[in-house]
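A.B. asks: what's the 3D shape of this:
(2 chains)
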Amino acid sequence: MLNLRETIDRQVSLALGDLLSAEEAPLALCSLSRPGFLDYTLSLPMKLARTRHQAPVVIADELQPAVAGMACAGLAEAVAPGYINIQLSDTFVADQLSSMLGTDPAMLLQKAGNSQKIEVEFVSANPTGPLHVGNGRGAALGSVLATLLETQGYDVDREYYVNDYGSKMKFFTESIAHYLFPMMGLEHAMPEEGYHGAYVSDLAQAIFDRKGSELRSLLEEQRLAAIEEDGKSLVLASIRQALEEMGVSFDTWFSERYLIENGWNDRVLQQFRDRGVVYEKDDAVWLRSTDFGDDKDRVLVRRDGEPTYTLTDAAYHFNKFHRGYVKSIDVFGADHIGHILPMQALMKSLGLPDGFLEVIIYQIVHFLRGGQRVVLSKQTGEIIELADLVREVGKDQARVFFLLSSADSELEFDLEVAKRNSLDNPAYYLKYTYARLCSVERQSRGIGAVVPSVASPVDVSRLTTAEDRELLKCLLKAQDEVDDAARTRQPHRILYLASELAKSVNAFYQKEKVIQEDADLAQARMLLVLASQRLLQAYAHVLGVTLPESM
RNA sequence: GGGCCCAUAGCUCAGCUGGAUAGAGCAACGGAUUUCUAAUCCGUCGGUCGCAGGUUCAAAUCCUGCUGGGCUCGCCA
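C.D. replies: From the prediction side, this is the model:
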């Protein structure tokens, strides 16, 4: 689809070229009108009033003829206090809508792009246990953002960073060993910071069943290594499955251990040394990150010679850069808020391009049942694993509910509302609306009516009611809004666009008969129905939800 | 104490190139159906956009300072 704002702005700047100075020209930007004021609006006259020492209405009157002459404009009005309102021409509108019918909905919002490689890293929970319900928000945001960026023509990879190295992993392994060793007549103490969930003993049992005898013959160190390997792969399998059930998949599962075993830590440390940004103190190697905006210097290599997470994180992003990504967008929960400053300092100290790393932080999720907040824990007997949540409310409902507010805001997720099959459930509302649109199409074809197609000209001048025009605007602004959502990295806006479209569709449907005697009007309305149907499907594609053709 | 996020209708939240009358869902109340699926739609009620300054022709939106809430400040990851 065309980004109409860009299209109109181009025509405006062409039409007003001689009437505006070089300083004034950039101010000529249109926006969608509010209901009752045609389709698009220029507030340019008010912006010019001061410097031109003229009343806005006078300027509006002066510019109006040129605007009215634009190819895409059917009508242009200069109105007080100083706007020029534009109604798109019928042929222009008809072209836009018809072109929507000839495009695969999955490609409808697709812009020709530069094919730059962008990586979206999200979820990336430690492989030391199953995903928690809270991880669902990151999964939804990250996966929708990735698809959203694809509409902009980027070559997007979805990546999960597997933190399979370091102390957390060690505690995880020893926790399993604590349960597993007794099965072999041995003992292993539960570490202080060990993992206690029931899943740990389940893992121990599973590993024992698989290779208990083999383990017995190994030395202690090899034994632990084998347990770690098996524990990790079992947990990752469960994580992968939970995500798949939520409709989330990854192109890459990137191992932290890989970085270390393949010299990336050494390589990035050398990079730091070459850039002269490290020093030694207290037998540790430090990064002078305060030179790059950090609030304190960071240890890269601990006194015991082990790399810190900071060093490995630097290596990880250095590696991303060398894999050819122009940008890495990392989606983290609010508990990682303190990591942004040091991470950005890392990027700077490595000499990576400004803006290479973007971090999206999402705030916490509160879960409710029937309006009452619930604490999800083993103690309360409530679900705690993401997989259980998805099974309880369903994939599409889970995705939609995790997108109900902006990542910057905290989110309330009502489990009862999410699984209810009623219209106050936004996921259900979208499905219902799509089914309704499909039903109208079926009925129309069923009675042998002429249904608009890409090639057939349709007289959209027949679309004159408030409901017609509002639905029309929802369709025309789609690409503008999607582009904005992608640019500002706000996947939730796609859900709001879809909901708004659905609302306009239902208001239109209720008020205006589509199938009727007046064949021209029927066809014009059918064009709206079909375009809406495709657009709703296009939004659903970005959101990763499935819409049924009938319910 | 420092950093980041939030504060908009009774509740949950949208509102992002600063523009005309601040929107939706839920809740409450009242209407519209021999239906192109009423599983819907419409209307009413409801807002000093946390407070105070500032910039601007114009501020929920930008800037500053407060207040309240959340997250976070390790040679863990």
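A.B. asks: Next, count neighbours for the nearest residue to A:Tyr279 once chain neighbours are set aside.
C.D. replies: Nearest non-adjacent residue to A:Tyr279, counting by CB to CB, 6 or more residues apart in numbering: A:Trp286, 5.4 Å away. C-betas here are computed from N, CA, C, even on glycine. Residues within reach of A:Trp286, counting by other CB atoms under 10 Å, total 19.
A.B. asks: quick one: contacts for A:Trp286?
C.D. replies: Residues in contact with A:Trp286 (CB atoms under 8 Å, 6 or more residues apart in numbering) are A:278-280, A:297-300.
A.B. asks: now A:Phe272
C.D. replies: So A:Phe272 contacts A:278, A:287, A:300, A:314, A:349-350 (CB under 8 Å, 6+ apart).
A.B. asks: Dump these into TSV; add distance to A:Glu187 as well.
C.D. replies: Shown next, in TSV, are those (distance: CB to CB, whole Å):
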residue	distance to A:Glu187
A:Val278	43
A:Leu287	41
A:Leu300	37
A:Ala314	39
A:Ser349	46
A:Leu350	45
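A.B. asks: what's around the residue of the stretch 301-450 of chain A found nearest RNA strand B, how many residues?
C.D. replies: Distances between the stretch 301-450 of chain A and RNA strand B by CB to the nearest atom of the strand are smallest at A:Leu423, namely 2.1 Å. For A:Leu423, the neighbour count with other CB under 10 Å is 12.
A.B. asks: Could you do A:Gln110 as well?
C.D. replies: With other CB under 10 Å as criterion, A:Gln110 counts 17.
A.B. asks: and if you look at A:Glu261?
C.D. replies: Look at A:Glu261: counted by other CB under 10 Å, it has 11 neighbours.
A.B. asks: same question, A:Ala466
C.D. replies: A:Ala466: 13 surrounding residues under other CB under 10 Å.
A.B. asks: could you measure the residue of chain A most remote from its centre against RNA strand B, distance?
C.D. replies: Going by CA atoms, centre = their mean, the residue of chain A most distant from its centre is A:Gly185, 50.1 Å out. Separation of A:Gly185 from RNA strand B (CB to the nearest atom of the strand, to the nearest Å) stands at 31 Å.
A.B. asks: ditto for A:Leu149
C.D. replies: Distance from A:Leu149 to RNA strand B, counting by CB to the nearest atom of the strand: 15 Å.
A.B. asks: can I assume that residue is in contact with A:Val120?
C.D. replies: Yes - counting by CB atoms under 8 Å, A:Val120 is a contact partner of A:Leu149 at 7.0 Å.
A.B. asks: which residues do the two both contact?
C.D. replies: Listed as contacting both A:Leu149 and A:Val120 by CB under 8 Å, 6+ apart are A:156, A:329.
A.B. asks: okay, the two: which has more neighbours?
C.D. replies: Just comparing A:Leu149 and A:Val120: by other CB under 10 Å the higher neighbour count belongs to A:Val120, 30 against 22.
A.B. asks: Shouldn't the more buried one be within a strand?
C.D. replies: Yes - counting by DSSP: H, G, I helix; E, B strand; the rest coil, A:Val120 falls inside a strand.
A.B. asks: how about the residues of the stretch 251-400 of chain A near RNA strand B?
C.D. replies: Within the stretch 251-400 of chain A, the positions adjacent to RNA strand B are A:256, A:281-284, A:295, A:298-299, A:302-304, A:306, A:308-310, A:334-341, A:361, A:363-364, A:366 by CB under 7 Å from any atom of the strand.
A.B. asks: Inside strands: which ones of the residues you listed?
C.D. replies: Of these, the ones assigned to strands by DSSP state E are A:281, A:284, A:298-299, A:361, A:366.
A.B. asks: Please check those and keep the buried ones.
C.D. replies: Burial by neighbour count, 16 or more other CB atoms under 10 Å: within those this picks out A:298-299, A:361.
A.B. asks: that older thread, dump the ones in strands among the residues of the stretch 251-400 of chain A next to RNA strand B into CSV; add pLDDT and distance to A:Ser115 as well.
C.D. replies: Shown next, in CSV, are these (pLDDT from 0 to 100; distance: CB to CB, whole Å):
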residue, pLDDT, distance to A:Ser115
A:Lys281, 94, 45
A:Ala284, 96, 43
A:Arg298, 97, 35
A:Val299, 97, 39
A:Ile361, 97, 28
A:His366, 96, 40
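A.B. asks: Pairing partners for the one helix or strand in chain A whose mean pLDDT sits lowest, with directions?
C.D. replies: Lowest on mean pLDDT, DSSP states H and E among the helices and strands of chain A sits strand A:372-374, with a mean of 88. Looking at strand A:372-374 with DSSP bridges, its partner strands are strand A:365-369 (antiparallel).
A.B. asks: in the partner strand, what's buried?
C.D. replies: Buried positions in strand A:365-369, judged by neighbour count with 16+ other CB under 10 Å: A:365, A:367.
A.B. asks: Other residues contacting that strand?
C.D. replies: A:133-134, A:136-137, A:373-374, A:376, A:382, A:402, A:410-416.
A.B. asks: Stretch A:352-362 too?
C.D. replies: Residues contacting stretch A:352-362 (CB under 8 Å, 6+ apart): A:137-138, A:141, A:145, A:317-318, A:321, A:325-334, A:336-337, A:339-340, A:343-344, A:347, A:407-408, A:489.
A.B. asks: Quick one: neighbours of A:Pro81, just the number.
C.D. replies: 12.
A.B. asks: wait, what's in contact with it?
C.D. replies: Neighbours of A:Pro81 in contact, by CB under 8 Å, 6+ apart: A:46, A:56-57.
A.B. asks: pLDDT score for it?
C.D. replies: pLDDT recorded at A:Pro81 is 90.
A.B. asks: Check A:Lys378 too.
C.D. replies: pLDDT, A:Lys378: 69.
A.B. asks: Hmm, A:Leu20 is touching A:Leu14, no?
C.D. replies: No - applying CB under 8 Å as the test, A:Leu20 and A:Leu14 come out as separate, 11.1 Å apart.
A.B. asks: circling back: including neighbour count and secondary structure, could the contacts of A:Phe272 go into a markdown table?
C.D. replies: Listed next are those as a markdown table, based on neighbours: other CB atoms under 10 Å; DSSP: H, G, I helix; E, B strand; the rest coil:
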| residue | neighbour count | secondary structure |
| --- | --- | --- |
| A:Val278 | 19 | strand |
| A:Leu287 | 27 | strand |
| A:Leu300 | 24 | strand |
| A:Ala314 | 31 | helix |
| A:Ser349 | 22 | helix |
| A:Leu350 | 20 | helix |
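A.B. asks: Which one of the contacts of A:Pro81 sits in the busiest neighbourhood?
C.D. replies: Going by other CB under 10 Å, A:Pro56 tops those with 21 neighbours.
A.B. asks: got a list of what that one touches?
C.D. replies: Contacts of A:Pro56 by CB under 8 Å, 6+ apart are A:45-46, A:48-49, A:81-82.
A.B. asks: Of those, which belong to helices?
C.D. replies: Counting by DSSP state H, those place A:45-46, A:48-49 in helices.
A.B. asks: near RNA strand B too, which of those residues?
C.D. replies: Counting by CB under 7 Å from any atom of the strand, the members of the ones in helices among the contacts of A:Pro56 near RNA strand B are A:46, A:49.
A.B. asks: From the ones in helices among the contacts of A:Pro56, pick the one nearest RNA strand B.
C.D. replies: Once CB to the nearest atom of the strand is applied, the member of the ones in helices among the contacts of A:Pro56 that ends up nearest RNA strand B is A:Met46, at 3.5 Å.
A.B. asks: That closest one reaches A:Val79, doesn't it?
C.D. replies: No - using CB under 8 Å, A:Met46 makes no contact with A:Val79, being 11.5 Å away.
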